[in-house]
Structures are given as structure tokens and as C-alpha cells.
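I would like to see how this sequence folds:
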Amino acid sequence: MSSPIAKNTFAHNRFSRNNLSRFMMSALLVVVAAGCSNNAADATSNTSIVNNTDAKTSTSKASADSDAAVVKALQANLNTSGIEENIISAVPTDMDGIYWVTAEGLPSFFTDKSGKHIIQGQIISVGEALPVDISAALVASTAQEALKAVDKKDMVIYPAIGETKSVVYAFTDADCGYCRKLHEEMDDINARGIEVRYLAWPRSQESVPKMEAIWCSQDRKAAMNQGKMGADVQAPSCANPVQEHMALGAKLGVRGTPAIFTESGQQVGGYLPAAELAQAIGAS
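Below is the predicted model of the structure:
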């Protein structure tokens, strides 16, 4: 049986260039190929006991000047190990000596001041009333900027009915059961003043042609509606953003579909009924 990496063309083209990329993405690819998720723990890798919204690392700090010395040290250490990655920034966190790193084509990660160690996952601060994920605001800021940069013409958008109270971005797969459950409630979601902007996140190579056909259809919304009902969507090949959306999802740590983000970059989880979604994003 072939591996998820071998079955995923995107993974082969985008992430097979060196060991670090393969190592960091392997866990994500296994989950992507395995199936969609209907809960925050699977889709967002958040921990239920952790308070993400009150992280002490402020959002403004996420845009602070990067530490050039840490970037240089990390870049040099990677090059010494034969790893060619372009490190963009290394921002100090609330944990002394630990930096939040942004790199091209990879999910963000932590490193130490010497740039000798790559640390994946959450770092939880304890000792206050609630545990706090120190990277939450940094993650949200990265997501906010990245999602804002996506051209609206490259998304399939379901606008709010009446006043737009909130906008959410949803990485979706037409073949995902929980994506279909969310889509079945689209009229209710839109009626609550929520605009939904779909980005493509096919969970396996088998789903890529359908997602590309949806984005290549003359009426994308009609094609999306058909695809969500299980129809075999067909359309002439075209230049489409599916691979770019997959790369963006990987950068933002998407692990399952639907993966829903607010305009501020907060990931609110996987499938939520319309009323619960509205409450989660403050649009109720």
C-alpha cells in the first residue's frame, strides 16, 4: 500500500524537496489522507484546557521586528544540515529564549536563541487562572494576514443575507461528510449575517480533480452545491488556485476539514451547527 505522501501530488511537488519539509509535514499528510474531522481537537490541534484567546503574547507582538541574529543562526544551522529552507522571521515569545519562526512553505514552529532546535506543537504557560497557549496570538496574526491576501475571485463565496455581521474562511473538501453537513446549513448560516468564503482542501489525491472541476466551473457556487451532494462535477481544465489553497492550509496547520477561521485569524474548529458557529464567532 502506498504512503499518503506518495498518493498526494501536492505533497510530492511542494514538500518533498528536503528532509525538514517531509518530517514536519508527514503527520499532517496522514491526517489529511485519513478523513475529515468534526471537532476542534482533530481539525485545529487545540487542547481543550488551553485558553487560546487570552494568550499573553499580544497580536501586536506578532508584527514586531524579527530577531535577525536568530534568523541568521537558524538559517546557517539548517544549511549545515543540508536543508534548504527560507526563514522569514523569528519573533520572541513570552517564554525566555524561545522564538516563533515563519518559513516559506512550512507551518510555523519554535526555535531557541541559538537556532539549533526546531520545536513543533504548543507551548503552554501555567500559573495563571487558566493555562495559556503562548503562540495563539502569533498563529492568529499569521493566519489573518495570509487569508486577507487571498483574492476573493479565487474563493467560492456565500454572502450573508442582509447585514454582514461576520466573515469566516472555511477550508473544505466536497467529499468530506462534515463539510457537507456544514454546507447543508449554509442558508441558516448566511441568514445569521455570516459570509462564508470557501478555500479548497482536498484530503486526498482522489478528491483533487473534483475540487479543481468546481473551481474551473463557470458557476462555482452551483458546482459546489452539486459536489457537496455527491455529484461527479466535470469542467474543462483551467488555471485554478487549488494547489495554492492547499499550500496555504499547510502553512496554517490545517489538519482536517472543514477548518474554519475568523477574519482575525482565529481557528474556531471543524463542523459546528449554524447557531453554535454564530456564537463561536460572536455573530449571534
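
Only C-alpha atoms from now on, for both contacts and neighbour counts.
Will do.

How about Lys165: what's its closest non-neighbour residue?
Gly193 (4.9 Å; C-alpha to C-alpha, 6 or more residues apart in numbering).

so what's that neighbour up against?
Ala160, Ile161, Gly162, Glu163, Thr164, Lys165, Ser166, Ala283 (C-alpha atoms under 8 Å, 6 or more residues apart in numbering).

what residues are up against the first one?
Residues in contact with Ala160, defined by C-alpha under 8 Å, 6+ apart, are Ile189, Asn190, Ala191, Arg192, Gly193, Ile194, Glu195, Val196.

gap between Gly253 and Ile98?
Using C-alpha to C-alpha, to the nearest Å, Gly253 is found at 20 Å from Ile98.

I meant to write Asp154 there.
From Asp154 to Ile98 the distance is 36 Å (C-alpha to C-alpha).

now swap in Pro209 and tell me
42 Å.

can you give me the strands in the stretch 101-250 of the chain?
109-112, 118-119, 124-125, 132-133, 156-158, 166-172, 194-200 (DSSP state E, counting those that start in this stretch).

what's the most buried one of those strands?
Most buried of the strands of the stretch 101-250 of the chain, by mean neighbour count (mean count of other C-alpha atoms under 10 Å): strand 194-200, with a mean of 25.

Give me the residues contacting that one.
Taking C-alpha under 8 Å, 6+ apart as the rule, strand 194-200 contacts 154-161, 164-173, 189-190, 211, 241-242, 245-246, 278, 283.

Export it to PDB, keeping only CA atoms.
The C-alpha coordinates for strand 194-200 follow below in PDB (Å, rounded to 0.1, in the frame of the first residue of the first chain):
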ATOM      1  CA  ILE A 194     -22.300  35.300   8.300                       C
ATOM      2  CA  GLU A 195     -20.400  35.300   5.000                       C
ATOM      3  CA  VAL A 196     -18.600  32.000   4.200                       C
ATOM      4  CA  ARG A 197     -15.500  32.000   2.000                       C
ATOM      5  CA  TYR A 198     -14.500  28.600   0.800                       C
ATOM      6  CA  LEU A 199     -11.000  27.600   0.100                       C
ATOM      7  CA  ALA A 200     -10.100  24.200  -1.400                       C
END
